[in-house]
Structure formats: C-alpha cells, structure tokens
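K.L.:
sequence first, then the predicted structure, then my questions.
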Amino acid sequence: GAVVSQHPSRVICKSGTSVKIECRSLDFQATTMFWYRQFPKKSLMLMATSNEGSKATYEQGVEKDKFLINHASLTLSTLTVTSAHPEDSSFYICSAMGPWETQYFGPGTRLLVL
Amino acid sequence: SQQGEEDPQALSIQEGENATMNCSYKTSINNLQWYRQNSGRGLVHLILIRSNEREKHSGRLRVTLDTSKKSSSLLITASRAADTASYFCATGETSGSRLTFGEGTQLTVNP
C-alpha cells in the first residue's frame, strides 16, 4: 500500500513553455503533499508544502509565481513550472503524507528545458 | 536548508559485509527517517525512529538514534549487490511535518 505516482516521468520542453507535473496518492488520501527538487548527485530540496483546499507554503527562495501548486483533491497535487528556462531543468519529486507519519514518494519527473 | 550531514559521502564494500552510515542533525526532532534512492528514481521509505526511541530493527536494517549527540546510524547487515543505492536520512521537527534531508551516502556493494 501507500503508493504515489507521478506523471509524466520525463518531459522535454522548449524554453518559455509551461509544464504541469501531477502527483497522485493511489491508495490513500493525503491532506498534505510535498514537492522537492533534486540536482544530480545532490540531496532533495523542499520547494513547497501543498495542503488540500488551501494555498501552498513555499520555502524561502522558491518563486510561487514560477512554480504553481494546486492541491485540488485529497489524492492529487499538481506542480506547474511556468515559462520554463534551462535552469529549471531538474528532477522533481513529490511525496504524500500517509499513514504512520511517513512520507511516501513518487518516482520523480525529469524535466529538461531546451 | 539541509540540516543533516551524512558520513561517509560514499562507501564501497564487498557483498556480505556490513555497511554503516551516519547522520547528524542540528535542531530538535520528533522523528528521523531513512530513505533509499536508486539512481534516477524516487525514494523508498526504509524506517522511522521516533525521538523517544533508541534503536529499531527491520530485517537486515538496524537504526540507532542518540538525541544527546543529535546523531543516527543506519546499519545494513550482510549486504547484497542490490543494496547499491543512495541512502538519505531525513528529520521531522514535529509529527507529520516537512522533512529536512541530509546530503546522502552513496553505497556501492561489489559482488
């Protein structure tokens, strides 16, 4: 149990376009989801905390207008990278707060902006 | 910001040997969790230890927590080539809160 999916698994887009990444908890409801960014051979950096039915809480230094988060239901949160640029290329991972105080992670989305 | 520091950054051992990874943190915590990540994949939750616990076991995994030293260790016994991955510790300051990840240890188990 406690499976989290992400879609797409990888995406290539042109500079200036917007990309939406979906994070779904498949077999449990998640009031809270988290979005992380990971650079090659580096640790995870928390970008924002997504709460169902309310605005996301962004970490310091993360532009909320650049990275739009919507947590419309108890099983779905979306991250939209707006007007993407090459420096936004990264591995984006979501997690959902599940049973037993544990965060369950999605498989990640690799974004490449050309 | 990342508060966890992991030691060593990289560890290479032979199959069958034990692997020990350490994690230190700076603030008070409610719990500490260990995750595993295969290259280019998501994270897999391994074990959670609460601040009032000192040791926990799960299969070949043994985790210790010393809150006075603000440190934790992860021991993998009888390692296998399939254990090759990056291992991260993550701390939660309150129950169900955001996690702060350490820098990770890259473990390589040679067959």
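P.N.:
Arrived safely, thanks for sending.

K.L.:
list the contacts for residue 46?
P.N.:
I went with chain A, as the question did not name one. Taking Cβ atoms under 8 Å, 6 or more residues apart in numbering or on different chains, we find A:Leu46 in contact with A:34-36, A:59, B:98-101. Backbone N, C-alpha and C define where each C-beta goes, glycine included.

K.L.:
not quite, I wanted chain B
P.N.:
B:Leu46 sits in contact with B:33-36, B:58, B:61, B:74, B:87, where contact means Cβ under 8 Å, 6+ apart.

K.L.:
where's it, which helix or strand?
P.N.:
Applying DSSP states H and E as the criterion places B:Leu46 in strand B:43-50.

K.L.:
so which bits of that strand are buried?
P.N.:
For strand B:43-50, a neighbour-count test (16 or more other Cβ atoms under 10 Å in any protein chain shown) marks B:43, B:45-49 as buried.

K.L.:
quick one: strands adjacent to it?
P.N.:
Sheet pairing here is set by DSSP bridges, and for strand B:43-50 it gives strand B:31-37 (antiparallel).

K.L.:
show residues contacting the strand it pairs with.
P.N.:
A:101-103, A:105, B:23, B:25, B:43-51, B:61, B:63, B:65, B:72, B:74, B:85-92, B:95, B:99, B:104.

K.L.:
if we use 6 Å, what do you get?
P.N.:
Under the contact criterion Cβ atoms under 6 Å, 6 or more residues apart in numbering or on different chains, strand B:31-37 has outside partners B:43-50, B:65, B:72, B:74, B:85-92.

K.L.:
flag every buried residue along stretch A:6-15.
P.N.:
So, applying 16+ other Cβ under 10 Å, buried residues of stretch A:6-15: A:6, A:11, A:13.

K.L.:
now the element after the strand holding B:Leu46, going C-ward?
P.N.:
Counting by DSSP H and E, the next helix or strand C-terminal to strand B:43-50 is strand B:55-58.

K.L.:
so what's A:Leu111 bridging to?
P.N.:
Beta-bridge pairing for A:Leu111 (DSSP bridges): A:Val11, A:Ser90.

K.L.:
ok, it - how many residues close by?
P.N.:
A:Leu111 has 21 neighbours, counted by other Cβ atoms under 10 Å in any protein chain shown.

K.L.:
and the strands in the chain?
P.N.:
Let's take chain A. A:4-7, A:10-13, A:19-25, A:32-38, A:44-51, A:57-58, A:67-73, A:76-81, A:90-97, A:103-105, A:109-113 (DSSP state E).

K.L.:
to clarify, I was referring to chain B.
P.N.:
Using DSSP E, the strands of chain B run over B:5-7, B:10-14, B:19-24, B:31-37, B:43-50, B:55-58, B:61-66, B:71-76, B:85-92, B:99-101, B:105-110.
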